[in-house]
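Student: Below: sequence and its predicted model.
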Amino acid sequence: MGLRHEAAKYLLEALRMRESFLAEDHPLVTRACYTLAQLYAETQDERTTTLNYALRAFRIREAKLTKTHRELNLSSELVQQLTQTD
């Protein structure tokens, strides 16, 4: 878990920096949210936080991208995966 914890720390820092310099719906902000959601999903930690980051990325991409865009589809799949009941 050490490397993933370290990665999450740096991703959160990158997200904070991007949010302070870029628009909240900027693609780099969205990418950081999506990557954090993926990381948390892999470790199965922070379920609520994971879903929040995934939904944020999905909503921004849904508003900005075409319905067939690859990144929108990836976000949609991640949200579906996270909201499936076991």
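Tutor: In hand now; what should we look at? Numbers count the residues shown, from 1 in each chain.

Student: tell me the phi and psi of the spatially most central residue of the chain?
Tutor: Nearest to the mean C-alpha position of the chain, counting by CA atoms, centre = their mean, stands residue 34 at 1.9 Å. Residue 34 adopts backbone torsions of phi -60, psi -40, taken as degrees, to the nearest 10.

Student: ok, now which ones touch it?
Tutor: Contact analysis of residue 34 by CB atoms under 8 Å, 6 or more residues apart in numbering lists 53, 54, 57, 71, 74, 75, 78. Where you see a C-beta, it was placed from the backbone N, CA and C, and this is true even at glycine.

Student: secondary structure class for the closest residue to the second one other than its chain neighbours?
Tutor: Pointing back at residue 54 there. Once flanking residues are discounted, residue 54 sits nearest to residue 37: 3.8 Å by CB to CB, 6 or more residues apart in numbering. Each residue gets one of three states, and residue 37 gets helix by DSSP: H, G, I helix; E, B strand; the rest coil.

Student: Pull the distance from the longest helix along the chain to the chain's centre.
Tutor: The longest helix of the chain (DSSP state H) is helix 2-21. Centre-to-centre, helix 2-21 and its host chain are 12 Å apart (CA atoms, centre = their mean, to the nearest Å).

Student: How about that helix, which residues are buried there?
Tutor: Buried positions in helix 2-21, judged by neighbour count with 16 or more other CB atoms under 10 Å: 8, 11, 14, 15, 18.

Student: surely the second one meets residue 29?
Tutor: No: checked against CB atoms under 8 Å, the pair residue 11 and residue 29 is beyond contact range at 11.7 Å.
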